[in-house]
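1. I need the structure of the sequence given here:
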Amino acid sequence: MNLLKNISWAFIGNSIYLGSQWMLLLLIGRLGSPEMLGQYVFGLSIVAPTISVAQMQLTQIQVSDFKGEYALVDYVYLRLLLNILAFGLVLGIGFFAAWSVSSFVALVLLLLAKLIESMGEVAFGSLQAREKFDTLARLQVLRGALGLLAAWLGLVSGSDLHLVLLLFMLASTLSFGAWEWPVLSPFLRENHHFDREKIKKLLRLGLPFGLSNGLNTVAANVSRYFIAYHWNDKALGLFSAAAAPANWLLVVPNALSQAITPRAARLFQEKSWAAYLKLCLGATALVFLVQAFFYGLCWLAGDELMRLLFGKKYQDQGPLLQLFALNGLIAALSTVGSLSVLVSRSSGLALLNTVFSLLTLLFFNWLWTPSRGAWGAANAELLRTAFSAALFLGATIWILKKHKSKA
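-> Numbering: from 1, shown residues only. This is a model prediction of the structure:
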């Protein structure tokens, strides 16, 4: 399958799957309330960082394992062990962080759904590594559509968040058992040996990426923590609604990264620098053009877009939507840098960037959010993205110089 077909299938799969996550926010916002949306987002802000650490970017490591150093069973066992630890950790955090029994139950249901999805990521990584993007896209579409249908049924049956999350968890279980497990089972029947040394080695490789990924997810939620603490569920819901369209557009860099990572890793290992840079810069240009179009749309009709997506109660959030669109435009410049850090396995650089981003967000949210609310938090996000883009640019130059000197 050629690169263009890979990108097309990756875009279809990511668009529908990530779009279903975005549609879930939209459904809760339209059929529920800003308060319900705020409760869901706050639960997600607790679950997501822990799950991100547990994932340790194992899917990306699996895809970039050009030499086949690790077997599929190694990824399965390690992810299962990490998910068990993540489950215990989130239960402990939720016990102290949840402000009611109701919010704790919602947190547990959301956690179970995300852990089941995490196991399915091993199947996705296997398909991606073998460049079977057509099959991968179909599985992503099925998972996303089933989860969205389950959530919709929960909302129209009574607009109860617990019912929504329970049905969402059951949909994740069905998706894994019906479509993702059959991808894994043939390989596991051939080799189900628990190789402790290889798993320990894989853990050491992935841990820096996991810490970076977890801190990055914390950074992505810092603004939400500040809004939840200084304001209320409604303010958090409005902020999250304005951020949702820009977050959905992450499907473009995600799809491109998914499609080109195997080829980029091979070009990098072969030291084909001209072809590698052409591939990465082309992806960066495409992401930038998409984000520029979206920014123009938000600048011209931000209020109308919010009203169309979420309803009249969100229509005054157009200026906030414009700020998030500008944030995405700047983030597009990081595409080549984040890909270079991944394929070179420069986990230290990824961790450095994440720590710097987290500190930037903490400082500016502390400075602005208590008095300016969602607007202050969005400006803090914008500054974080600008600093991160500059760091990734420097990291790319350093990585290429370092590896060229070894050639």
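2. Can you tell me which helices and strands the longest helix seen in the chain packs against?
-> Identified as the longest helix of the chain according to DSSP state H is helix 273-310. On a contact count with 3 or more C-beta pairs under 8 Å, 6 or more residues apart in numbering; DSSP states H and E, helix 273-310 meets helix 3-31, helix 233-248, helix 251-269, helix 318-331, helix 335-343, helix 374-406. For every residue, glycine as well, the C-beta is placed using N, CA and C.
3. ok and that helix relative to helix 335-343, angle-wise?
-> For helix 273-310 against helix 335-343, the angle by axes from the mean of the first three to the mean of the last three C-alpha atoms, to 10 degrees is 110 degrees.
4. angle of helix 273-310 against helix 251-269?
-> Here the directions of helix 273-310 and helix 251-269 differ by 170 degrees (the same axes, to 10 degrees).
5. Nearest to Leu203, out of the helices and strands packed on helix 273-310?
-> Among the helices and strands packed on helix 273-310, helix 335-343 comes nearest to Leu203, with 18.1 Å by C-beta to C-beta.
6. which parts of the helix or strand just after that closest one are buried?
-> Remark: after helix 335-343, the chain's next helix or strand is helix 347-372, criterion DSSP states H and E. For helix 347-372, burial by neighbour count (16 or more other C-beta atoms under 10 Å) applies to 347, 349-351, 353-354, 357-358, 360-362, 364-365, 368-369.
7. Stretch 286-295 now?
-> Across stretch 286-295, burial judged by 16+ other C-beta under 10 Å covers Leu286, Val287, Phe288, Val290, Gln291, Phe294, Tyr295.
8. thinking again about what came up before, turn the helices and strands packed on helix 273-310 into TSV, including distance to Phe104 and mean pLDDT.
-> Putting the helices and strands packed on helix 273-310 into TSV (distance: least, C-beta to C-beta, whole Å; pLDDT from 0 to 100) gives the following:
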stretch	distance to Phe104	mean pLDDT
helix 3-31	19	79
helix 233-248	16	84
helix 251-269	31	78
helix 318-331	30	92
helix 335-343	35	79
helix 374-406	26	85
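9. Can you say which of the ones you listed is nearest to Val47?
-> helix 3-31 (13.1 Å).
10. Give me the angle between the closest one and helix 273-310.
-> 20 degrees.
11. ok so, going back, just curious, which of the buried residues of helix 347-372 is nearest to Ser272?
-> Closest approach to Ser272 among these (C-beta to C-beta): Leu349, at 21.7 Å.
12. Please look at the closest one and Val341 and confirm they touch.
-> Yes. Counting by C-beta atoms under 8 Å, Val341 is a contact partner of Leu349 at 5.2 Å.
13. I'd like the distance between Ala390 and Val290.
-> Applying C-beta to C-beta, to the nearest Å, the value for Ala390 to Val290 is 21 Å.
14. ok, back up a step: now the longest helix of the chain, how far from the centre of its chain.
-> On the basis of C-alpha atoms, centre = their mean, to the nearest Å, helix 273-310 sits 17 Å off its chain's mean C-alpha point.
15. and it, which residues are buried?
-> For helix 273-310, by 16+ other C-beta under 10 Å, it's 276, 279-280, 283-284, 286-288, 290-291, 294-295, 297-298, 302-303, 305-307, 309-310.
16. related to what we said a few turns ago, ok, which of the helices and strands packed on helix 273-310 comes nearest Phe187?
-> For the helices and strands packed on helix 273-310, proximity to Phe187 was assessed by C-beta to C-beta; helix 251-269 is nearest, at 17.8 Å.
17. Buried residues of that closest one, list them for me.
-> Buried residues in helix 251-269, defined by neighbour count with 16+ other C-beta under 10 Å: 251-265, 267-268.
18. can you count the residues close to Ser8?
-> 17 (other C-beta atoms under 10 Å).
19. what angle sits between the helix or strand hosting Ser118 and helix 3-31?
-> Here Ser118 sits within helix 101-129, counting by DSSP H and E. Interaxial angle, helix 101-129 versus helix 3-31 (the same axes, to 10 degrees): 170 degrees.
20. to the chain's geometric centre, what's the distance from helix 101-129?
-> Mean-position distance between helix 101-129 and its chain equals 12 Å (C-alpha atoms, centre = their mean).
21. Could you pull up the mean pLDDT of that helix?
-> Mean pLDDT, helix 101-129: 87.
22. Quick check: what element follows it along the chain?
-> That would be, after helix 101-129 and using DSSP H and E, helix 133-156.
23. Downstream of that following helix, the next helix or strand is which one?
-> Remark: after helix 133-156, the chain's next helix or strand is helix 161-175, criterion DSSP H and E.
24. what bits of the stretch 151-300 of the chain have low per-residue confidence?
-> Counting by pLDDT under 70, the stretch 151-300 of the chain shows low-confidence ranges at 159.
25. One more pass at 90, please.
-> Low-confidence segments of the stretch 151-300 of the chain, defined by pLDDT under 90, span residues 151-165, 183-198, 200-222, 224-225, 228-284, 286-287.
26. can you pull the contacts of the residue lying closest to Ala129 once chain neighbours are set aside?
-> Excluding the flanking residues, the one nearest Ala129 by C-beta to C-beta, 6 or more residues apart in numbering is Val63, at 4.9 Å. Shown in contact with Val63 (C-beta atoms under 8 Å, 6 or more residues apart in numbering): Gly125, Gln128, Ala129, Gln258, Thr261, Pro262, Ala265.
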